[in-house]
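Chemist: Curious how this folds, go ahead:
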Amino acid sequence: MDTDTPGAGAARSEEDAVESTFGPVGVVGAGAMGAGIAQVAATAGHPVTLVDLVEGAAVAAIEKVGSALTRLVEKGRLSQDDASAALARITPAESLDGLPECGLVIEAVPENLAVKQGIFAELAERQPSTTVLATNTSSIDIDEIADDVADPERVLGLHFFNPPPVMALVEVVQGKRTAKAYVEHVTALMEAWGKTPVRCSSTPGFIVNRVARPFYGEAQRMVEAGIADAATVDWILREKGGFPMGPLELTDFIGQDVNLAVGTSVWEQTDHDERYAPTELQRGLVEAGRLGRKSGSGVYTYAADGAVEGAEPDLELAARLVGGPVETDPLARTLAMLVNEAVDLVARGEASADDVDTAMRLGVRYPRGPIEWGREIGFDVVARQLAELDTAYPGGRYRPSPALTDGSVS
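Modeler: Residues are numbered from 1 along each chain as shown. Got it, this is the predicted structure:
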């Protein structure tokens, strides 16, 4: 997906940066996410130390940041002076020993709970008690990460979206023990960095990765059931729903293994709730090594130039399905599940309706937020559609949220 669009996030000059009391920023992990976060913080005027235990990794990442800043200069989005100043603010380090006292440290290492716990325990010992410790995790529980931190009230999530310099959205995630003052302070800081922060509690998948599960799951289930082929389902969601990519082509783009891992994580963290159960279709693709574009095949098969081979939508079938029974209408069925998931999240008090809609528009470029879509369709209509699906496919996946009809979300 092309995320380099107006509103997706733009470079900010040093003059535009709001002065912050956080001062120096540490970033642990010099992969694509860590390097991008370092670039954002440095462009906003902070001295940044970028740490990676692999020899030379932080230096190489800073070189990539320099190239990215040069491209922004060439596009006229940043002055040469500001780009040079931002790059000069980033210092490499090969251990946590190299971190100075920071106002904020953001961990951006791979999704491994034990590794993250070890990093946070060490950071808590080395950094002052006033340092905010943030994780860029996309789905791991904040409280688990903070288990070995003596003062867990300063641990929270800052989930940036890839690539961080371009994507505006940041999920600010509050654990059960996170102090509200830190959440408010970091939210203000993200705004000063030119980001659009949304707040949520540490629920499995947070907002975006939780609410988006049905977008992928319903498409896979309809293909499994023989309701329609993948190309037709994708065409309906793109052309009739306004989504930038269909769900099946999107999982090929993300990587079937990556998408399955996130979905499985949410499923396991929700005690194997049927709403999030992985499909045999996706499991089979991963087991067969059909991981999507990166492997040359996934749901679709790709030519050497990346073009999809032999996948034309059946437009006559699409015309019959859209507007028909909800069980066989890919668009209505998907929207009903997206609205249901979002409504449940809001009803549980895990995020506000506005933050859910903002997150889904900015994080995965939905044409409307699911709460807004629910108002448009009618929450009562969505409840009836889900009841029909629950009758057709019993087991709990399609159970309607009580909040659809009790007026708690409007």
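Chemist: so where do the strands sit in the stretch 251-400 of the chain?
Modeler: The residue ranges that make up the strands of the stretch 251-400 of the chain, judged by DSSP state E, counting those that start in this stretch, are 301-302, 308-309.
Chemist: Reformat those as a markdown table; add mean pLDDT, mean neighbour count and distance to residue 196.
Modeler: For the C-beta atoms, the positions are set from N, CA and C on the backbone; glycine is no exception. As requested, these are arranged in a markdown table below (pLDDT from 0 to 100; neighbours: other CB atoms under 10 Å; distance: least, CB to CB, whole Å):
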| stretch | mean pLDDT | mean neighbour count | distance to residue 196 |
| --- | --- | --- | --- |
| strand 301-302 | 97 | 16 | 33 |
| strand 308-309 | 93 | 13 | 33 |
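Chemist: which one in the chain is furthest away from the centre?
Modeler: residue 316 (34.8 Å; CA atoms, centre = their mean).
Chemist: returning to that earlier point: any chance of a markdown table for the strands of the stretch 251-400 of the chain, columns distance to residue 262?
Modeler: Shown next, in a markdown table, are the strands of the stretch 251-400 of the chain (distance: least, CB to CB, whole Å):
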| stretch | distance to residue 262 |
| --- | --- |
| strand 301-302 | 22 |
| strand 308-309 | 23 |
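Chemist: Got the domain ranges for the chain?
Modeler: 25-202, 210-404 (automatic domain parsing).
Chemist: just how off-centre is the shortest one within its chain?
Modeler: By that I understand domain 25-202. Averaging C-alpha coordinates over domain 25-202 and over its chain gives two centres that are 16 Å apart (CA atoms, centre = their mean, to the nearest Å).
Chemist: swap in the longest one?
Modeler: Averaging C-alpha positions (CA atoms, centre = their mean) puts domain 210-404 15 Å from its chain's average.
Chemist: where along the stretch 301-410 of the chain do the helices fall?
Modeler: Secondary structure of the stretch 301-410 of the chain (DSSP state H, counting those that start in this stretch): helices located at 315-321, 330-347, 353-363, 370-377, 379-392.
Chemist: any idea of the angle the third one forms with helix 330-347?
Modeler: Which is helix 353-363. Note on geometry: by axes from the mean of the first three to the mean of the last three CA atoms, to 10 degrees, helix 353-363 and helix 330-347 are set 130 degrees apart in direction.
Chemist: And the helices of the stretch 301-410 of the chain: which comes nearest residue 235?
Modeler: Closest to residue 235 of the helices of the stretch 301-410 of the chain, according to CB to CB: helix 315-321, at 6.0 Å.
Chemist: Show me the contact partners of the closest one.
Modeler: Contact with helix 315-321 is made by 227, 228, 232, 235, 236, 240, 328, 329, 330, as judged by CB atoms under 8 Å, 6 or more residues apart in numbering.
Chemist: again with stretch 287-296
Modeler: Taking CB under 8 Å, 6+ apart as the criterion, the residues outside stretch 287-296 that touch it are 251-257, 285, 297-299, 302, 306.
Chemist: Make TSV out of those and add distance to residue 145.
Modeler: Output for the contacts of stretch 287-296, formatted as TSV (distance: CB to CB, whole Å):
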residue	distance to residue 145
251	27
252	31
253	28
254	24
255	24
256	27
257	23
285	30
297	36
298	31
299	33
302	37
306	37
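Chemist: which among these end up buried?
Modeler: By neighbour count, with 16 or more other CB atoms under 10 Å, the contacts of stretch 287-296 hold 251, 252, 254, 255, 256, 257, 285, 297, 298, 299, 302 as buried.
Chemist: how about low-confidence regions in the stretch 1-150 of the chain?
Modeler: Low-confidence segments of the stretch 1-150 of the chain, defined by pLDDT under 70, are located at 1-22.
Chemist: Where do the helices of it begin and end?
Modeler: Listed in chain order, the helices of the stretch 1-150 of the chain (DSSP H, counting those that start in this stretch) span 32-43, 57-74, 80-88, 113-126, 142-145.
Chemist: Nearest to residue 400, out of the ones you listed?
Modeler: Ranking these by proximity to residue 400 (CB to CB) places helix 142-145 first, at 29.3 Å.
Chemist: quick one: buried residues of the closest one?
Modeler: Counting neighbours by 16+ other CB under 10 Å, one finds that the buried residues in helix 142-145 are 142, 145.
Chemist: Over to stretch 314-324?
Modeler: In stretch 314-324, the ones that count as buried by 16+ other CB under 10 Å are 317, 318, 321, 322.
Chemist: Just the contacts of stretch 287-296: which are in helices?
Modeler: Secondary-structure check on those using DSSP state H: residues within helices are 251, 252, 253, 254, 256, 257, 285.
Chemist: Nearest to residue 349 among the residues you listed?
Modeler: Proximity of the ones in helices among the contacts of stretch 287-296 to residue 349, judged by CB to CB, is greatest for residue 254, which lies at 29.5 Å.
Chemist: Per-residue pLDDT of that closest one, please?
Modeler: The score at residue 254 is 94. That number is its pLDDT.
Chemist: how much space between it and residue 115?
Modeler: Residue 254 sits 23 Å away from residue 115, taking CB to CB, to the nearest Å as the criterion.
Chemist: what's the answer for residue 67, then?
Modeler: According to CB to CB, residue 67 and residue 115 sit 28 Å apart.
Chemist: neighbours of the closest residue to residue 273 other than its chain neighbours, just the number please.
Modeler: On the basis of CB to CB, 6 or more residues apart in numbering, the spatially nearest residue to residue 273 that is not a chain neighbour turns out to be residue 267, at 6.8 Å. Other residues within reach of residue 267 by the criterion other CB atoms under 10 Å amount to 20.
Chemist: residues in contact with residue 267?
Modeler: For residue 267, the set of contacting residues under the criterion of CB under 8 Å, 6+ apart consists of 273, 276, 277, 278.
Chemist: Distance check, it against residue 205.
Modeler: Counting by CB to CB, the separation of residue 267 from residue 205 is 10 Å.
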